[in-house]
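Chemist: coordinates only, sequence not included:
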């Protein structure tokens, strides 16, 4: 999976000859070019477990994809609206427990059929997210952040104590799939990939819709948006529930993969922070940002967890890495790369090819102000 | 002329401070009405109550006889009252066109296509000289340009009445004149305005009718010439000449 970002970005650096700066774009920014890039990424993603079939590798890939989904889902509400939720593990855990309950009560035995419960677990989590969002979204800014953290801890406590639904600290088992060890991870890989694709597709669709525009308007000035007729409460709650649903789906796949759900793992405070960090690292409010953030951070996290036997040490290294990123790339990778690329193009235009004096000016007006600060770069 | 906006006996207090007490006035259809008064006389609070940002303790607001009182800002907007803010508020990280399109939420579904087509959006931006920046982010605009953009955001929705909170505040005299020109032009096309403004010269030159507020109530109402000489008004402004302290 780590090959994906480079697959997408290498052409940017190595084939400037193909570029047509005078037309205001490179070949991969055209519709067809983008489609081609997407197709390549998709092919790489689908064939990955067959090329790298070592279970240790595919296991990392599965978690990475689940985080791609969860970070994209986080971004769809928090990245677009500016409401920094730090309690999304409440939905990841809820998805896991809804999944476990559904599988148990329907008396399902292990197999591909269990994956059919994933969307149901998502919907169940979405329903749970409605009152949570209704409550949390009565607040704004820092208060909202604190409320989401508090709600997460309430969920964790409930998981320990609502024994009739969760079996408390004893945990809940999920059906055991009858698959052979060789192919075992492949099923989960495809399920995780599906969830990731759905989450990214939703983020993309929201960004392009008028609904997404309302979220961005809320991020910039909520009261002004309200005064222009945006029903901000409804918009925020809808996005919040959407995020809850998608996060719940990721949690459901996680539960089935792990085979059992325990309160501290399903409701993990580290998850709360990680999904936000991934979006920050890649670029808040961008579509590819959370994907790239997850593709980088999750393998690193998994690697540190296995290589450094002391789990605390892994956390420290992880934290230090993050501080470095915040220090040097505060806006995230995608916007920073976008800016570098634009600066490079403008330089190219100014030197050599700037035969007509209007060239750089028009290119500047065309491209840079739009994308530079808005966080709309994909 | 018929009354378009009727504000009746509004009261509002913040803690112990009575910001509005028995504030009443009407704005006729097709007028450019001014709302003036010393600092703290309740002009902006009146705006906030009318547009739903603050809930009144008492009194009512009617738009063409229809109850507006108690509606939230989104509903007030949908009923046809648009407003701008004292400190200009646009969506800094969105492009100018995106800024405009946010307002499509405030118009009836059936009219969205007509009011928010690409061509109309560009025409609107062009009418205030911002068309060339349509794809720039609003954060890159100067303060004056933001004022114009904010006006256009409201105009795009074709409200029945537009409330302008200090439109001439903080911008250069040339732009003030330009803005006055736009307002008159739009008024000719049938848009009604209610303007809160400190710049007396601007208000006196622009408005057909002026209401003067003091301590949360309207104490005088009339044509600019009348207001200029009204003893109560002179009194309200610290007993001095009306345009004292204002460059003329």
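Modeler: That came through, no problem. Only a predicted model underlies this, so the values are computations on that prediction, with no experimental measurement involved.

Chemist: Neighbours of residue A:305, how many?
Modeler: When counting by other C-beta atoms under 10 Å in any protein chain shown, one arrives at 14 neighbours for residue A:305. Backbone N, C-alpha and C define where each C-beta goes, glycine included.

Chemist: Quick check: it is in a strand.
Modeler: No: using DSSP: H, G, I helix; E, B strand; the rest coil, the assignment for residue A:305 is helix, not a strand.

Chemist: residue in chain B nearest to chain A?
Modeler: Ranked by C-beta to the nearest C-beta, the top residue of chain B for proximity to chain A is residue B:106, at 2.0 Å.

Chemist: Remind me which helix or strand the nearest residue to that residue once chain neighbours are set aside belongs to.
Modeler: Among residues not flanking residue B:106 along the chain, residue A:229 sits closest, at 2.0 Å (C-beta to C-beta, 6 or more residues apart in numbering or on different chains). Using DSSP states H and E, residue A:229 sits in no helix or strand.

Chemist: do residue A:53 as well
Modeler: Residue A:53 belongs to no helix or strand when assigned by DSSP H and E.

Chemist: Tally up the residues packed near the residue lying closest to it once chain neighbours are set aside, please.
Modeler: Nearest residue to residue A:53 in three dimensions, chain neighbours excluded: residue A:182, at 7.6 Å (C-beta to C-beta, 6+ apart). Taking other C-beta under 10 Å as the criterion, the count of residues near residue A:182 is 9.

Chemist: Return the distance of residue A:182 relative to residue B:38.
Modeler: As judged by C-beta to C-beta, to the nearest Å, residue A:182 and residue B:38 stand 83 Å apart.

Chemist: and what of residue B:99?
Modeler: From residue B:99 over to residue B:38 the distance is 34 Å, taken as C-beta to C-beta.

Chemist: and residue 192, what is it in contact with?
Modeler: In the absence of a named chain, this looks at chain A. A:61-63, A:65-66, A:69, A:250, A:253, A:257 (C-beta atoms under 8 Å, 6 or more residues apart in numbering or on different chains).

Chemist: Correction: the question concerned chain B.
Modeler: Contacts of residue B:192 by C-beta under 8 Å, 6+ apart are B:4-5, B:27-33, B:160-162.

Chemist: Of those, select the buried ones using a PyMOL command.
Modeler: A single PyMOL command is used to select the members of the contacts of residue B:192 judged buried by 16 or more other C-beta atoms under 10 Å in any protein chain shown:
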select buried, chain B and resi 4+5+27+31+32+33+160+161+162
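
Chemist: In the chain, where is pLDDT below threshold?
Modeler: Just going to use chain A. Along chain A, the parts satisfying pLDDT under 70 run over A:1-29, A:310-311, A:352-378.

Chemist: think we crossed wires, I meant chain B
Modeler: Applying pLDDT under 70 to chain B flags residues B:1, B:238-248.

Chemist: hey, where'd the strands end up in it?
Modeler: Counting by DSSP state E, chain B has strands at residues B:3-14, B:17-28, B:32-36, B:58-63, B:66-67, B:81-83, B:161-165, B:192-196, B:209-214, B:217-222.

Chemist: Can you say which of the ones you listed is nearest to residue B:203?
Modeler: strand B:32-36 (4.5 Å; C-beta to C-beta).

Chemist: Report all helices and strands that the closest one contacts.
Modeler: Other elements packing on strand B:32-36 under the criterion 3 or more C-beta pairs under 8 Å, 6 or more residues apart in numbering or on different chains; DSSP states H and E are strand B:17-28, helix B:43-50, helix B:173-188, strand B:192-196, helix B:200-206, strand B:209-214.

Chemist: Give me the distance from it to the chain's centre.
Modeler: Taking the mean of its C-alpha atoms, strand B:32-36 sits 9 Å from the chain's own mean (C-alpha atoms, centre = their mean, to the nearest Å).

Chemist: okay, the angle between that strand and helix B:173-188?
Modeler: Here strand B:32-36 runs at an angle of 130 degrees relative to helix B:173-188 (axes from the mean of the first three to the mean of the last three C-alpha atoms, to 10 degrees).

Chemist: ok, now which ones touch residue B:78?
Modeler: Applying C-beta under 8 Å, 6+ apart, one finds that residue B:78 lies in contact with A:229, B:106-108.

Chemist: who's in contact with stretch A:224-236?
Modeler: Stretch A:224-236 is contacted from outside by A:77, A:81, A:83, A:133, A:137, A:211, A:214-215, A:217-218, A:222, B:51, B:53, B:72-74, B:76-78, B:83, B:85, B:89-91, B:102-103, B:105-107, B:153-154, B:157, using C-beta under 8 Å, 6+ apart.

Chemist: try it again with 6 Å
Modeler: Outside stretch A:224-236, the residues within contact range by C-beta atoms under 6 Å, 6 or more residues apart in numbering or on different chains are A:137, A:214, A:217-218, A:222, B:73-74, B:77-78, B:89, B:102-103, B:105-106.

Chemist: Would you check which pair of those residues lies furthest apart?
Modeler: Greatest spacing in the contacts of stretch A:224-236, by C-beta to C-beta: A:137 and B:103 (22.6 Å).

Chemist: the more surrounded of those two?
Modeler: Between residue A:137 and residue B:103, residue B:103 has the larger neighbour count (other C-beta under 10 Å), namely 27 against 21.

Chemist: doesn't residue B:154 make contact with the more buried one?
Modeler: No: using C-beta atoms under 6 Å, residue B:103 is not in contact with residue B:154, being 7.6 Å away.

Chemist: follow-up on the earlier one: kindly indicate the member of the contacts of residue A:192 with the most neighbours.
Modeler: Highest neighbour count within the contacts of residue A:192, by other C-beta under 10 Å: residue A:250, with 35 neighbours.

Chemist: for whichever strand or helix holds that one, the distance to its chain's centre please.
Modeler: Assigned by DSSP H and E, residue A:250 belongs to helix A:232-258. Centroid separation for helix A:232-258 versus its chain: 11 Å, with C-alpha atoms, centre = their mean.

Chemist: so which strand or helix has residue A:32?
Modeler: Per DSSP H and E: helix A:31-51 holds residue A:32.

Chemist: Now do the buried residues in that helix.
Modeler: A:37, A:41, A:45, A:48-49.

Chemist: ok, of those residues, which one's closest to chain B?
Modeler: Nearest member of the buried residues of helix A:31-51 to chain B, counting by C-beta to the nearest C-beta, is residue A:37, at 23.3 Å.

Chemist: Which of the contacts of stretch A:224-236 fall within helices?
Modeler: A:214, A:217-218, A:222, B:73-74, B:77-78, B:102 (DSSP state H).

Chemist: Switch the residues you listed over to a markdown table, and while doing so, append distance to residue B:232 to every line.
Modeler: Listed next are the ones in helices among the contacts of stretch A:224-236 as a markdown table, based on distance: C-beta to C-beta, whole Å:
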| residue | distance to residue B:232 |
| --- | --- |
| A:214 | 46 |
| A:217 | 43 |
| A:218 | 44 |
| A:222 | 40 |
| B:73 | 33 |
| B:74 | 38 |
| B:77 | 34 |
| B:78 | 37 |
| B:102 | 42 |
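
Chemist: Of the residues you listed, which is the nearest to residue A:289?
Modeler: Nearest to residue A:289 among those, counting by C-beta to C-beta, is residue A:218 at 18.8 Å.

Chemist: That closest one: how many residues sit nearby?
Modeler: 24.

Chemist: And for residue B:97?
Modeler: 19.

Chemist: How about the contacts made by it?
Modeler: So, once contact is read as C-beta under 6 Å, 6+ apart, residue B:97 ends up touching B:121, B:134.

Chemist: Then the one 5 residues further on?
Modeler: Taking C-beta under 6 Å, 6+ apart as the criterion, residue B:102 is in contact with A:217, A:228.
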